[in-house]
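*Asks:* build me a model from this:
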Amino acid sequence: MINVALIDDHIVVRSGFAQLLSLESDIQVTGQFASAAEAWPHLLREPFDVAVLDIAMPDESGLSLLSRLRQQRPGFRAIILSIYDTSAFVQSAVDAGASGYLTKRCGPEELVQAVRSVSVGGLYLCADALRALRQTRPVPKELTSLTPREKQVFDLLINGISVKAIADQLALSHKTVHVHRANVLGKLNCQTTVELVHFALQHQLLSHT
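*Replies:* Numbers count the residues shown, from 1 in each chain. Down below sits the predicted model:
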């Protein structure tokens, strides 16, 4: 029997999942919690096989809870549930030690499948999550040398924003923006803004590419 804990601050969601999972002969929900604080002591001491964690809760995110939990119980298995399917959220969940990731658009059969897979040590990512990870583009190593402000200026320049408009938008002097632009050009081995745009096109950094 697979013992499951449900942690979600929406009682309708928790109840719905509990009813769905209770229909399966090999799964039982042995804990339901409305917050990370409520769930924490139970997750530490009770023999749950799988926890289904909402990523967004009012007191603490599911990712933070999972990270803390795995420091105490390294082999703990959890499925993150979220309305988001961006690569950043999926990768953050995997990095935090999640064994599964489901979006709230997933069908009920996927929840059951995910619980079974994760309970035996598998990794289960729903189709939306897999698609997001496959579409992730590696960040060019040159960009990692830019400061946060230089990256802001770079993003605006490659989208056709003038130095004057950038200065107004970022509440900086024209001279300061010119300095940032010069630093960006130097670090990316470009001579002009046109070359910056070519760099962005080459690395598929423009939204319309």
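*Asks:* other residues contacting the least confident helix or strand in the chain by mean pLDDT?
*Replies:* Within the chain, no helix or strand scores below helix 127-134, which has a mean of 80 by mean pLDDT, DSSP states H and E. Contact partners of helix 127-134, identified using C-beta atoms under 8 Å, 6 or more residues apart in numbering, comprise D85, T86, S87, F89, V90, Q91, Y101, L102, T103, R105, C106, L125. (Glycine included, C-beta is placed from N, CA and C.)
*Asks:* now the fifth one, what are its backbone angles?
*Replies:* Right, V90. Taking degrees, to the nearest 10, you get phi -60, psi -50 for the backbone angles of V90.
*Asks:* I'd say it and Y101 touch.
*Replies:* Yes: V90 lies in contact with Y101 (C-beta atoms under 8 Å); the separation is 5.4 Å.
*Asks:* overlap of the contact sets of those two?
*Replies:* Residues within reach of V90 and of Y101 at once, by C-beta under 8 Å, 6+ apart, are L125, A129.
*Asks:* how confident was the prediction at M57?
*Replies:* Here, the pLDDT recorded for M57 equals 86.
*Asks:* and it, how close does it get to D8?
*Replies:* Distance, M57 to D8, using C-beta to C-beta, to the nearest Å: 7 Å.
*Asks:* ok, now K164?
*Replies:* Counting by C-beta to C-beta, the gap from K164 to D8 is 49 Å.
*Asks:* quick check on the closest residue to W40 other than its chain neighbours: phi, psi?
*Replies:* Spatially, and ignoring its direct neighbours in sequence, W40 is nearest to L65 (7.0 Å; C-beta to C-beta, 6 or more residues apart in numbering). Main-chain torsions, L65, degrees, to the nearest 10: phi -60, psi -40.
*Asks:* do I have it right that L65 meets A56?
*Replies:* No: counting by C-beta under 8 Å, L65 does not reach A56; the two are 11.5 Å apart.
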